[in-house]
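K.L.:
quick one: sequence plus predicted model below, questions after.
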Amino acid sequence: MDPAPSAVRLTVREAIHTLSSSDDCGLILHTLRFLKRYLGETEDPALPEEQEEFATVHFSAFLRCLVRKLSPVWLELSPDGQLEELWDSFFLKGPADQAFLVLMEALEGTAGPSFCLMKMAQLLANFLSQRRVAALMEEQCRPQKKPGFPLLQETLLSKVVGLPDHLGNRLQQDNLALFYPQNYFPLLGEEVVRVLQGIVDALRGGLDCSVSFVSRVLGKICIQGRQKEILDVLVPQLTALTQGSCLWQRVCWRLMEQVPDRTMEAVLTGLIEAATGRPEVLSRLLGNLVVKSKKAQFVMTQKLLFLQYQHKTRMLQSLLGYLAMDSQRRPLLVQALKELLQTWGSSSAVRHAPLAQQQYLSAAILICLAHLREPELRDSQDELLASMMAGVKCHLDSSLPTVRRLGMIVAEVISSRIHCEGPALKFQYEDDELSRELLALATPRTEGSSPIEAGGPSPAPTASETLAKTMDDGVKSANGSVPQAGPQGSDSDRDSDDEFIPYDMSGDKELKSNKAPLYVRDCLEVLTSSEDMECWEAALRALEGLVYRSPEATLEVSVELAKVLLHLEERTYVSGFEGLRRRALVAVVVTDPVRVAEYLISQFYALNYSLRQRLDILDVLTLSAQELSRPGHLKRSPQQVSCGSGAPVLATSQPDHTAGSGWRAVVEERIRSKTRRFSKGFPWRELLSSPNEFNSVAGYFFFPLIRHFDRPLVTFDLLGDDQLVLGRLTHTLGALMYLAVNTTVVVSMGKALLEFVWALRFHADIYVRRGLLSAVSSILLSVPAERLLGDLCDELLEARSWLADVAEKDVDEDCREQAVRALLLLERLKDRLPPLSH
Amino acid sequence: MEPLIADASFWPECFGCCNNVTGDCTLPGMAVPVPQPPPDPQFVLRGTQSAVNALHFCRGAQAQGCPLLFSGCQRGLVHIWSLQTRRAVATLDGHGGQSVTWLQMLPQSPQLLSQGRDLRLCLWDLAEGRNAVVDAVCLESVGFCRSSVLAEGQARWLLAVPGKGSDEVQILEMPSKTSVCTLKPEADAKPGMPMCLRLWQAQSSPHLLLLAGYEDGSVALWDVCGRKVCSRVSCHEEPVMGLDFDSQKARGVSGSAGKALAVWSLDGQQALQARSSHQLPNPGISDVTIRPDRKILATAGWDHRVRVFHWRTMKPLAVLDFHSASVHCVAFATDGLLAAGSKDQRISIWSLYQRV
């Protein structure tokens, strides 16, 4: 169309020729200065259309030529550095996008390490520190008409975001600090703010702008995992800027809307994290993004609420707070609550989801409830109530206490919010950190608690100061009143209180009538037939001591006694009833292990017992085994008796006993003080040794218990609904195994237990699996290594593959940890292997 | 005779298991915040063979050199214990097997008053080893009210005893046994029976006063000469079982069958005012006594325990848990020794907060 080359083209061609052929410093400088006119920086700039032509058509080519010429010798042509300065200025003053691209391209193409590479890296650092990136991005925000523009933008995007990677790869050891991601991305954040400032100014001036390039930059950075670096800079500044300006808010909203779907999740997650605890900031920055963008909605109402449970509760609070802040978003909150409750109420989720996720869900539900108001809840009352009922059931069915507690807390709060007219649900649970934290979430936040207001000057400190002051005064006046009170009682016989130091009065409790029976048989009779409740209670309290004191009498009635105790009901309120009964049962089992254990275990697998009773049987067996296996238990038991009997214990220690140990201590002290020793070794104490009482009876405890677990009864199905008992059974078996250390039956016990574990290894209940894992560990601890390797080798190998599987894949953290421990114990066996004999 | 001896050195062997016996080998220093365990009795007197209902330390000149303790028991005997040998030196039998409820030495002469449930109040002459009833007053009340005595001089002394009518108190002049007056509450006031009495006379005034604790839980101050109630304060919900009065501080304390221990005071206009009330863990106080030096007071509890309080502040100081049945009476000697008599037939002697 235009056959005659333009003047600009001729000049550039001429200049390139000069540069490539001439070594004359003056000529080169002259040429460069002439071309500089096209950048419009000199006194007599070229015509605007010439500048335009140079910038769009010739600039890149010219810069490439400059790059080619770059060498130490060439720059030395002008010793005063004029040439270098001019050379730099073309990159720093010319159109930023082309300069940036050429520089990046040159950096890619230059072999390193070399002078040229370093020179260009320096130049790029200059480029960055002179805020040319902002210019670059601002250029991209203008409406564009050039062909091939999308391609250019794509290239620019990848170069801008990938700069730290590129330069890190090129420069290796010589990388400049500015190009480190932790420095570069905050700088980029500053640049983004600058660009947005420019856009806001342009919009005020009536110019069209598009933020999509900035959005894409932001998205790309975030998806590369650098949210924290850039958003930590960006969010506070934007928070401040959007404070009072609608235009800024609109720009921000637009910025977020333009973020590509692919990167939306990364940006939103980063943003919510950066604005944790300040839902109003989120609301300002995001606007109604969640309503407009499907992807954002998915991320915020599904992914972050249900799946990304690693986040903190505070982040949930700001996310849900954001949803609650605008009337357009509130339906989403109701919807989210419904879906959350559905998941919460699904039994499969309760059974299979990790504990952390369940806690996260519960927290989300409570926060939703705190935000929603009565009318909003009323519409979907039935649906919520149905989900809640299902949820309470499956939570309470769980064998993990934490899950049960979660169920109770959430159900309590829901019922109090939804079901206002009827009586609210009320559960009994321990008041611990978790429950307090969750209940705190359920109380709606008051306006005063917003951090911004709290940060400002508030009357609170002064109020507390005055309070402290008045309290101080109170103390002073109280102190002052003491001397005043003195003269009031002023007599000649004023006594100082030092004279009258109170004695210990902790034993001064309410007097219980002393009707305790003195013989085991009497106790038995009272417990079965007495109508006198005081007598009954006294008998229960006295029983443990009586049993230990008179083993012969106990032997005659042991099974009968165990039967009575097992069926004993708390007929009147007795503090610590469960403990008393359990200790008495333990005493009976310890006194007559074989028969009573046999009886108890037969009852464990019998019809018509409550869960409580079956669990009690298991507890009693464990505790008795522990008592039996403890060295010297028979000697210690009388003292335990006194510990068991409750309040007035302090008084009832035996005088001769204390006196005996008293004189021994005195004599030993005297000997020590009179004896000179030449060397002081470790204080050496003689350990009492005694046979393990558990040795002879371990089998009676263990084998009957493990034998029947797979035979369901009408009322008791260990492999079915009664998984809680099964869980406790596995734990008990593990404990018995552990306590049977150093006994002779331990090997066959280990074998049986490993088979038991193998049969149940894929049990769905977490508590059961934990029990199995602890059982494996106790096998590894109790059975001697050589027997393990000799007799149980195959079973162990099988168990090992299962353990490895659990350690890797189990949903429960505790299970994984226990599996790892068991694996470590297995590893330790290796050291015990005898050396191979040749 | 039955063995009447019990010494601190060997009683633990006999009563080790059922009583409060903790080794006293720990002696925490002044700065140790942990309170000391309560002390053990100094010694225990055994041999009354029935519940001990009344205790009285021999005071004054007769006690010089040989301190004595009188105890009255359910069987109607009065034992005289030597605190040096810790044995009973004599037994007085003058109440025909009926319980002895009250014992009191006359201050100036070696004479002992004993009140029994046989409706007789006997005066014993104990001088020079004698032990004979020299006089007796017939009582007309079958209640448990203990009498009170106020001696003005050797020749003449006054006695307050429960009177003929169930709510009356009679004042007798002794030794002539002439009735001075009968104090009968007004018709509309129904305080019930008098439960405990305390005669006293303020040093400055000629008025003879009587403090009486009644069945309805009130304590009344009688002006004996005027035969009228000066003031009345309801400080208990249960019958008043024992009271003691500190005439110097014009403050008194009373215990009842309930859980409260009440402190009241007397102002210049002879009006009683309830001061404070102290709740005890277990109900029932059968006797209250302030130590002669007015530093501490002790209560005898139905809960088998003797409680010691600081008299000025009413701060609880100690709970003495030794007896295995209700404690019926507490008494202080002039040197501060504390004796407690119990239904378990034992008399425990304690040494607490005594100046050395």
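P.N.:
Great, that's in hand.

K.L.:
pLDDT below threshold where in the stretch 101-250 of chain B?
P.N.:
Scanning the stretch 101-250 of chain B with the threshold set as pLDDT under 70 gives B:152-154.

K.L.:
report the separation between A:V574 and chain B.
P.N.:
Taking Cβ to the nearest Cβ, to the nearest Å as the measure, A:V574 and chain B are separated by 19 Å. C-beta coordinates here come from the backbone N, C-alpha and C atoms, glycine included.

K.L.:
same deal with A:F678?
P.N.:
Using Cβ to the nearest Cβ, one obtains 32 Å as the distance from A:F678 to chain B.

K.L.:
that residue in helix, strand or coil?
P.N.:
The local conformation at A:F678, judged by DSSP: H, G, I helix; E, B strand; the rest coil, is coil.

K.L.:
cool, and B:R307?
P.N.:
Per three-state DSSP, the local secondary structure of B:R307 is strand.

K.L.:
how many residues are close by A:L385?
P.N.:
By the other Cβ atoms under 10 Å in any protein chain shown criterion, the neighbourhood of A:L385 contains 15 residues.

K.L.:
isn't it right up against A:G422?
P.N.:
No: with contacts counted by Cβ atoms under 8 Å, A:L385 stays clear of A:G422, the gap being 10.4 Å.

K.L.:
wait, what's in contact with A:F762?
P.N.:
For A:F762, no residue counts as a contact, taking Cβ atoms under 8 Å, 6 or more residues apart in numbering or on different chains as the criterion.

K.L.:
check which helix or strand the closest residue to A:D379 other than its chain neighbours maps to.
P.N.:
Beyond its immediate neighbours in the sequence, the residue positioned closest to A:D379 (Cβ to Cβ, 6 or more residues apart in numbering or on different chains) is A:V334, lying 7.7 Å away. Taking DSSP states H and E as the criterion, the element that holds A:V334 is helix A:330-344.

K.L.:
hey, C-alpha coordinates of that helix in CSV?
P.N.:
Included here for helix A:330-344 are C-alpha records, laid out as CSV according to Å, rounded to 0.1, in the frame of the first residue of the first chain:
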residue,chain,number,x,y,z
ARG,A,330,-28.2,-14.2,52.5
PRO,A,331,-30.2,-16.8,50.6
LEU,A,332,-26.8,-18.4,49.9
LEU,A,333,-26.2,-18.6,53.6
VAL,A,334,-29.5,-20.3,54.2
GLN,A,335,-28.7,-22.7,51.3
ALA,A,336,-25.3,-23.4,52.8
LEU,A,337,-26.8,-24.1,56.2
LYS,A,338,-29.2,-26.6,54.7
GLU,A,339,-26.4,-28.4,52.8
LEU,A,340,-24.1,-28.4,55.8
LEU,A,341,-26.8,-29.9,57.9
GLN,A,342,-27.5,-32.5,55.3
THR,A,343,-23.9,-33.6,55.3
TRP,A,344,-23.8,-33.3,59.1
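
K.L.:
and the helix or strand where A:L157 lies, what other elements does it pack with?
P.N.:
Element membership of A:L157 [criterion: DSSP H and E] is helix A:149-171. Packed against helix A:149-171 by the contact rule (3 or more Cβ pairs under 8 Å, 6 or more residues apart in numbering or on different chains; DSSP states H and E) you find helix A:96-109, helix A:115-129, helix A:132-141, helix A:181-204, helix A:212-223.

K.L.:
contacts for the helix holding A:V334?
P.N.:
Residues external to helix A:330-344 that are found in contact with it (Cβ under 8 Å, 6+ apart): A:290-291, A:297, A:301-302, A:305-306, A:320, A:323-324, A:349-350, A:361-362, A:364-365, A:368-369, A:371-372, A:376-377, A:379-380, A:383-384, A:387-388, A:391, A:410, A:414.

K.L.:
so after the host helix or strand of A:A735, what's the next helix or strand?
P.N.:
Counting by DSSP H and E, the element that carries A:A735 is helix A:723-739. The helix or strand immediately downstream of helix A:723-739 is helix A:746-760, counting by DSSP H and E.

K.L.:
now do that next one and helix A:723-739, the angle between them.
P.N.:
160 degrees (axes from the mean of the first three to the mean of the last three Cα atoms, to 10 degrees).

K.L.:
could you dump the next helix or strand after helix A:746-760 to CSV, C-alpha only?
P.N.:
Next in sequence after helix A:746-760, counting helices and strands by DSSP H and E, comes helix A:766-782. Provided in CSV are the C-alpha atoms of helix A:766-782 (Å, rounded to 0.1, in the frame of the first residue of the first chain):
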residue,chain,number,x,y,z
ILE,A,766,-12.6,-46.0,64.1
TYR,A,767,-12.7,-46.9,67.7
VAL,A,768,-12.5,-50.6,66.9
ARG,A,769,-9.6,-50.0,64.6
ARG,A,770,-7.8,-48.0,67.2
GLY,A,771,-8.3,-50.9,69.6
LEU,A,772,-7.0,-53.4,67.1
LEU,A,773,-3.9,-51.3,66.5
SER,A,774,-3.2,-51.0,70.1
ALA,A,775,-3.6,-54.7,70.5
VAL,A,776,-1.0,-55.3,67.8
SER,A,777,1.4,-52.9,69.6
SER,A,778,0.9,-54.7,72.9
ILE,A,779,1.5,-58.1,71.2
LEU,A,780,4.8,-56.7,69.9
LEU,A,781,5.7,-55.4,73.3
SER,A,782,4.7,-58.4,75.3
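
K.L.:
just the buried residues of helix A:766-782, please?
P.N.:
A:766-780, A:782 (16 or more other Cβ atoms under 10 Å in any protein chain shown).

K.L.:
check stretch A:77-87 too.
P.N.:
In terms of neighbour count (16+ other Cβ under 10 Å), stretch A:77-87 has its buried residues at A:L77, A:S78, A:L83, A:E84, A:L86, A:W87.
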